[in-house]
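Novice: need the 3D shape of this:
(one chain, ligands or ions: 1)
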Amino acid sequence: LKPELLAMLACPACETRPPLTLEGDCLICSRCLRAYPIVDGIPQLIVEAALTQDPTAGAQKEPTG
Ligand SMILES: [Zn+2]
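Specialist: Prediction:
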């Protein structure tokens, strides 16, 4: 992915066009922290396709009893 192309891309979930950071095979939005996967060199800038990093998702309750 070329830097100039990366600069043109914007997170569809954020209106302020925060910069996207290339992280492995994903583009990370610096604002909402969504991770957009890159498939065959094409960034999938779709909110539904994004991997969200929900801090509450990792909360696990240990079974009692
Ligand atoms: Zn965003």
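Novice: what is the neighbour count of residue 17?
Specialist: Residue 17 sits with 12 neighbouring residues when counted by other C-beta atoms under 10 Å. Where you see a C-beta, it was placed from the backbone N, CA and C, and this is true even at glycine.
Novice: got it, and the one 5 residues further on?
Specialist: Number of residues near residue 22 (other C-beta under 10 Å) recorded here: 13.
Novice: swap in residue 20?
Specialist: The burial count for residue 20: 25, using other C-beta under 10 Å.
Novice: against the ion, how distant is it?
Specialist: 8 Å (C-beta to the ion, to the nearest Å).
Novice: leaving out the residues flanking it, which one is nearest to that residue?
Specialist: Nearest residue to residue 20 in three dimensions, chain neighbours excluded: residue 27, at 4.4 Å (C-beta to C-beta, 6 or more residues apart in numbering).
Novice: confirm the one you found sits in a strand?
Specialist: Yes. Membership of residue 27 in a strand is supported by DSSP: H, G, I helix; E, B strand; the rest coil.
Novice: all strands of the protein, in order?
Specialist: Counting by DSSP state E, the chain has these strands, from start to end: 20-23, 26-29, 35-39, 42-43.
Novice: out of these, which is the most enclosed?
Specialist: Comparing these by mean neighbour count (mean count of other C-beta atoms under 10 Å), strand 26-29 ranks first with a mean of 21.
Novice: what's it in contact with?
Specialist: With C-beta atoms under 8 Å, 6 or more residues apart in numbering as the test, strand 26-29 has contacts from 6, 9, 11, 13-14, 18, 20-22, 34-38, 43, 45, 50-51.
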